[in-house]
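[1] I would like the atomic coordinates for the input below:
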Amino acid sequence: RKGSDDGLSKWNIFFEGGGWCYSLSTCLKRSLTKLGSSKYYSNCYKDRDMKFYQSSKRNKNPLMYNWNTVHVRYCDGSSYAGNSVQMYEGHILYFKGKYNRDNTIKTLLDLGMKYATEIIIS
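    Numbers count the residues shown, from 1 in each chain. From the prediction side, this is the model:
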């Protein structure tokens, strides 16, 4: 969500958690759910889905209600550190969390975060 007023140069980046998968078997099971595949994601969050310190409602989020807010979805079970592709039981499992993290930051910098006066990453 784009910031407004005095929040235009402030950024709130939330990297969603989701737990780890610890074996190729559990990673395969996870890949068939919204915790393991982006094919189950909507294109973007609606404002009504943004809760707590991501909310655009001043009474619920007095510090950051008007900041640029980005919710980064989590899906590979490797805590934004994965950088491999594995074949398991005839399925290709992608562990690309590092790629997703690095390119999210690069894209946000290109979109104006490089001019930020305040950034919160959680």
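[2] which residue is nearest the centroid of the protein?
    residue 72 (1.1 Å; CA atoms, centre = their mean).
[3] how much space between the residue lying closest to that residue once chain neighbours are set aside and residue 111?
    Nearest residue to residue 72, sequence neighbours excluded (CB to CB, 6 or more residues apart in numbering): residue 15, at 4.8 Å. To be clear about C-beta, it is placed using only N, CA and C from the backbone, and glycine gets the same treatment. Residue 15 sits 17 Å away from residue 111, going by CB to CB, to the nearest Å.
[4] more crowded one of these two?
    residue 15 (18 against 13; other CB atoms under 10 Å).
[5] got a list of what the more buried one touches?
    By CB atoms under 8 Å, 6 or more residues apart in numbering, residue 15 lies in contact with 72, 74, 80, 101, 121, 122.
[6] Ramachandran angles for it?
    Per-residue torsions, residue 15: phi -90, psi 110 (degrees, to the nearest 10).
[7] What separation is there between it and residue 63?
    Distance, residue 15 to residue 63, using CB to CB: 19 Å.
[8] just residue 80 next, same as before
    With CB to CB as the criterion, residue 80 and residue 63 are 25 Å apart.
[9] higher neighbour count, the two?
    Of the pair residue 80 and residue 63, residue 80 is the one with more neighbours under other CB under 10 Å, namely 18 against 13.
[10] residues in contact with the more buried one?
    15, 74, 97, 98, 100, 101.
[11] What is the neighbour count of the second one?
    By other CB under 10 Å, 20 other residues sit near residue 74.
[12] Can you tell me the element it falls in?
    Here residue 74 sits in a region with no helix or strand, counting by DSSP states H and E.
[13] Which members of the contacts of residue 15 occur in strands, if any?
    72, 121 (DSSP state E).
[14] Let's have the contacts of residue 15 in TSV, adding pLDDT and distance to residue 91.
    Formatted as TSV, those follow (pLDDT from 0 to 100; distance: CB to CB, whole Å):
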residue	pLDDT	distance to residue 91
72	87	25
74	78	20
80	85	22
101	92	24
121	93	32
122	90	32
